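*Asks:* have a look at this prediction, sequence included:
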Amino acid sequence: MCKKIFLTVFTFLFSFVNLKADEGMWLPFLLKQLNSTDMQTRGLQIPVDSIYAVNKSSLKDGVVLFGGGCTGEIISDKGLLLTNHHCGYGQIQSHSTVEKDYLTDGYWAKTYNDELPCKGLTASFIIRIDDVTNDIIPALNSKMTEAEREATISTIAYSLEKKAVEGTHYEARVRPFFTGNKYFMIVSETYKDVRLVGTPPSAIGKFGADADNWMWPRHTGDFALFRIYAGKDNKPAEYATDNVPYVPRYSFPISLSGVSEGDFTMVYGFPGRTNEYLSSYALELIMNHTDPIRIALRDVRLKNMEEVMRDNDTVRIQYSAKYASIENAYKKWKGELRGLKRLNAIEKKRKTESAFGAWLDGSAERNNNYGKLMGDLKSAYKELTPYSIASDYINEGAYGIELLAYARNYLALADSAVNKTANREWVEKECERLINISKGFYKDYHPPLDETIASELLEIYFRKTDTHFHPAIFSDINTKYKNDFVKYASDVFSKSFMTTQQKQEAFLKNFSAKKLLSDPAYLLMKSFEDVNKQKVAGEFNKAVAATSILQRKYMASQMEMHPDKKFYPDANSTLRVAYGNVKSYKPMNAVTYNYFTTADGIIEKYDSTNYDFNAPKKLLALISKKDFGRYAKDGELPLCFIATNHTTGGNSGSPVLNAKGQLIGTNFDRVWEGTMSDYMFDPEMCRNITLDIRYTLFVIDKFANAQRLIDELKIVQ
């Protein structure tokens with residue numbers, strides 16, 4: 001028996017201490033301490049401290065948090081920024097009209113004056129990262145309530161942040177890592193004047209579109225160019241016509257040498273969210289409920305959007321960014337679910353938990369500290385499950401209806417009317433605010449499409465959710481419409497003042513509280529708000545908080561169990577380095593995928609009748625003539641390549657660097673078979689997809705003839 005326990009624990013310890021090859025999203029300021037030898041063994045040729053440094057220029061100074069959820073890299077000493085086409089898609093769309101369709105035709109600014117301002121777009125640099133764990137953890141104790149703990153952390157963090165940026169224009173934020181077992185302070189600098197410089201047409205930037213999304217092989221020119229502008233002192237400034245191009249601390253040299261199988265690669269960026277250390281109970285919720293529900297609800301929206309967009313150019317432009325956003329997560333969840341099932345992920349977690357139990361049995365102290373932990377986790381997730389299901393149906397179902405999501409903007413106005421808390425002046429200002437924010441909504445809104453989606457999503461919600469979570473209005477729909485949701489949706493959309501900008505503005509200019517409170521779209525939205533507030537959100541948040549506290553304790557136990565293990569924290573949109581090697585893979589029996597693609601694949605996939613695989617005539621002509629210039633290798637034009645770097649959402653647009661720290665591509669996706677890497681990494685299947693920088697340069701140079709941009713770059717062989 002003792003021998004069996006020892007072997008079980010040894011297996012568990014071995015699996016944890018020896019991370020799977022290429023797994024990990026590492027904090028750059030800890031690379032020298034944790035990863036220096038391994039990175040050099042894998043092929044890194046530059047000093048590790050050239051990747052991250054505070055008192056001198058380093059690679060980190062060329063990496064940008066682009067907007068709120070992507071990465072970009074600085075590629076010239078004039079603030080030129082490279083990111084993904086899909087990261088800049090919303091900005092490209094905002095500048096597009098039927099007359100100036102930059103989505104379809106692309107856009108290339110001929111001069112600085114032609115570079116288009118992007119309202120609200122920011123670019124942030126990391127100045128430094130400090131470990132402040134010892135400033136916080138000693139001030140906490142087990143007798144504190146969770147509220148007391150959070151208050152203590154907030155007080156200490158505020159003091160640290162204030163001191164860190166005093167006398168500067170920087171920002172500082174203390175962030176929890178390892179589920180609140182460590183704390184690091186991130187000091188950053190944010191630029192607010194970012195302008196669109198160049199974008200290929202969508203037939204290049206989105207070639208393969210939804211059919212190829214998350215897939216390999218890829219032939220997508222997924223890039224766009226922006227420029228950061230600054231005040232004349234080179235510091236961040238609000239948009240102004242006399243702002244000047246930003247002079248960076250560092251810009252990446254660009255290599256034309258390309259890649260070969262086995263070459264070292266490194267991804268430097270801001271990965272969004274991973275959860276590698278969850279229990280089996282968490283995975284059961286994700287695999288059995290969360291992912292399947294979200295997939296089914298988004299499938300309804302996407303199918304209806306696609307049908308209308310295909311035949312209506314106006315709707316296509318209106319919904320292109322929305323569709324891409326909805327579809328991106330949808331397809332990812334499908335691949336994630338498939339991958340977790342293939343890995344038998346729940347059973348793997350259970351085996352490690354069994355070994356964890358054996359480790360606890362080896363010490364009375366450990367058993368006292370953690371003996372109830374797994375049972376508590378099981379109970380907490382059992383409590384969470386029904387509220388998680390209801391929350392998903394509300395957020396992806398009810399608020400997958402655009403009209404209802406938009407109607408929430410009227411809650412404050414309605415509340416003031418019901419409670420008679422606002423004077424006439426406030427009401428007038430609120431009406432004016434609603435008119436102003438509505439312009440963006442109606443610009444990209446097609447009521448007939450939303451009506452069809454509404455009828456289907458409402459019926460699914462009615463059929464699939466527990467009656468305890470049904471909004472009160474479902475009783476009226478049953479009585480008046482006999483649960484005919486098509487007829488009900490028709491009445492809502494025909495009678496609501498919110499379905500068109502003209503009707504809304506007329507209403508707000510002659511505001512009537514009575515009319516607002518009786519509007520069918522408002523009533524439907526409010527009914528879902530009420531059920532969410534009264535029966536779902538509170539219990540959901542309470543249950544999530546309980547699982548978070550237990551997960552913090554579970555994470556602490558793992559770190560205690562493996563004091564010599566090099567843990568990497570889950571991604572949380574903070575700056576990370578992932579490294580690995582260029583490598584092909586085998587997605588299924590008798591199938592092997594090579595590690596790179598070439599322009600020949602565009603010709604093979606090209607179909608002028610299929611939006612996903614159409615391509616510009618000029619591009620096809622250049623490929624046919626093999627007019628690739630200096631960007632060819634052995635007479636072929638490289639397009640994309642794959643490697644074993646551990647990436648996730650937020651890494652889109654990240655610089656992909658070679659062993660010398662030179663830019664060789666831009667990360668834009670993962671292979672579908674590896675999307676479960678947010679929960680469980682599989683070295684056999686997990687591959688990040690990179691746009692080869694040579695294809696990017698070819699499009700800028702040979703296709704767009706944007707020589708002024710090529711001249712800015714530092715290109716090396």
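*Replies:* Received the coordinates, thanks. Numbering: from 1, shown residues only.
*Asks:* give me the nearest residue to residue 624, chain neighbours excluded.
*Replies:* Excluding the flanking residues, the one nearest residue 624 by CB to CB, 6 or more residues apart in numbering is residue 603, at 7.5 Å. Where C-beta positions appear, they are placed from N, C-alpha and C, glycine not excepted.
*Asks:* what distance do you get for that neighbour to residue 219?
*Replies:* 9 Å (CB to CB, to the nearest Å).
*Asks:* what do you get for residue 483?
*Replies:* 47 Å.
*Asks:* now residue 709
*Replies:* Counting by CB to CB - residue 709 and residue 219 are separated by 22 Å.
*Asks:* who has more neighbours, these two?
*Replies:* Ranked by neighbour count (other CB atoms under 10 Å), residue 709 and residue 219 place residue 219 first, with 24 against 21.
*Asks:* give me the pLDDT value at that one.
*Replies:* Looking at residue 219, its pLDDT reads 98.
*Asks:* is the closest residue to it other than its chain neighbours in a helix, a strand, or coil?
*Replies:* In this structure, residue 219 finds its nearest non-sequential neighbour in residue 601, 4.3 Å apart by CB to CB, 6+ apart. Assigned with DSSP: H, G, I helix; E, B strand; the rest coil, residue 601 falls in the helix class.
*Asks:* residues contacting residue 601?
*Replies:* 217, 219, 639 (CB atoms under 8 Å, 6 or more residues apart in numbering).
*Asks:* can you redo those residues as a markdown table with secondary structure and distance to residue 510?
*Replies:* A markdown table is the format used below for the contacts of residue 601 (DSSP: H, G, I helix; E, B strand; the rest coil; distance: CB to CB, whole Å):
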| residue | secondary structure | distance to residue 510 |
| --- | --- | --- |
| 217 | coil | 58 |
| 219 | coil | 55 |
| 639 | strand | 57 |
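*Asks:* any stretches of the stretch 101-250 of the chain with poor pLDDT?
*Replies:* Along the stretch 101-250 of the chain, segments meeting pLDDT under 70 are nowhere present.
*Asks:* how about the strands in it?
*Replies:* 107-108, 116-117, 123-131, 171-177, 182-191, 193-199, 224-230, 244-245 (DSSP state E, counting those that start in this stretch).
*Asks:* wait, isn't residue 516 in contact with residue 411?
*Replies:* No - judged on CB atoms under 8 Å, residue 516 makes no contact with residue 411 at a distance of 10.4 Å.
*Asks:* returning to that earlier point: out of the contacts of residue 601, flag the one nearest to residue 393.
*Replies:* Set against residue 393, the nearest of the contacts of residue 601 by CB to CB is residue 217 (36.7 Å).
*Asks:* gap between the closest one and residue 276?
*Replies:* 28 Å.
*Asks:* ditto for residue 416
*Replies:* 46 Å.
*Asks:* these two - which one has more neighbours?
*Replies:* More neighbours surround residue 276 than the other of residue 416 and residue 276, with 19 against 16 (other CB under 10 Å).
*Asks:* what's the closest non-adjacent residue to that one?
*Replies:* Nearest non-adjacent residue to residue 276 (CB to CB, 6+ apart): residue 570, at 5.9 Å.
*Asks:* which helix or which strand is home to the one you found?
*Replies:* For residue 570, there is no enclosing helix or strand under DSSP states H and E.
*Asks:* list the contacts of residue 220.
*Replies:* Contacts of residue 220 by CB under 8 Å, 6+ apart are 204-208, 212, 639-640, 668, 691.
*Asks:* likewise residue 410?
*Replies:* Per CB under 8 Å, 6+ apart, neighbours of residue 410: 434, 498, 516, 522.
*Asks:* could these be laid out in CSV, adding pLDDT and neighbour count?
*Replies:* Shown next, in CSV, are the contacts of residue 410 (pLDDT from 0 to 100; neighbours: other CB atoms under 10 Å):
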residue, pLDDT, neighbour count
434, 95, 19
498, 97, 28
516, 96, 20
522, 98, 25
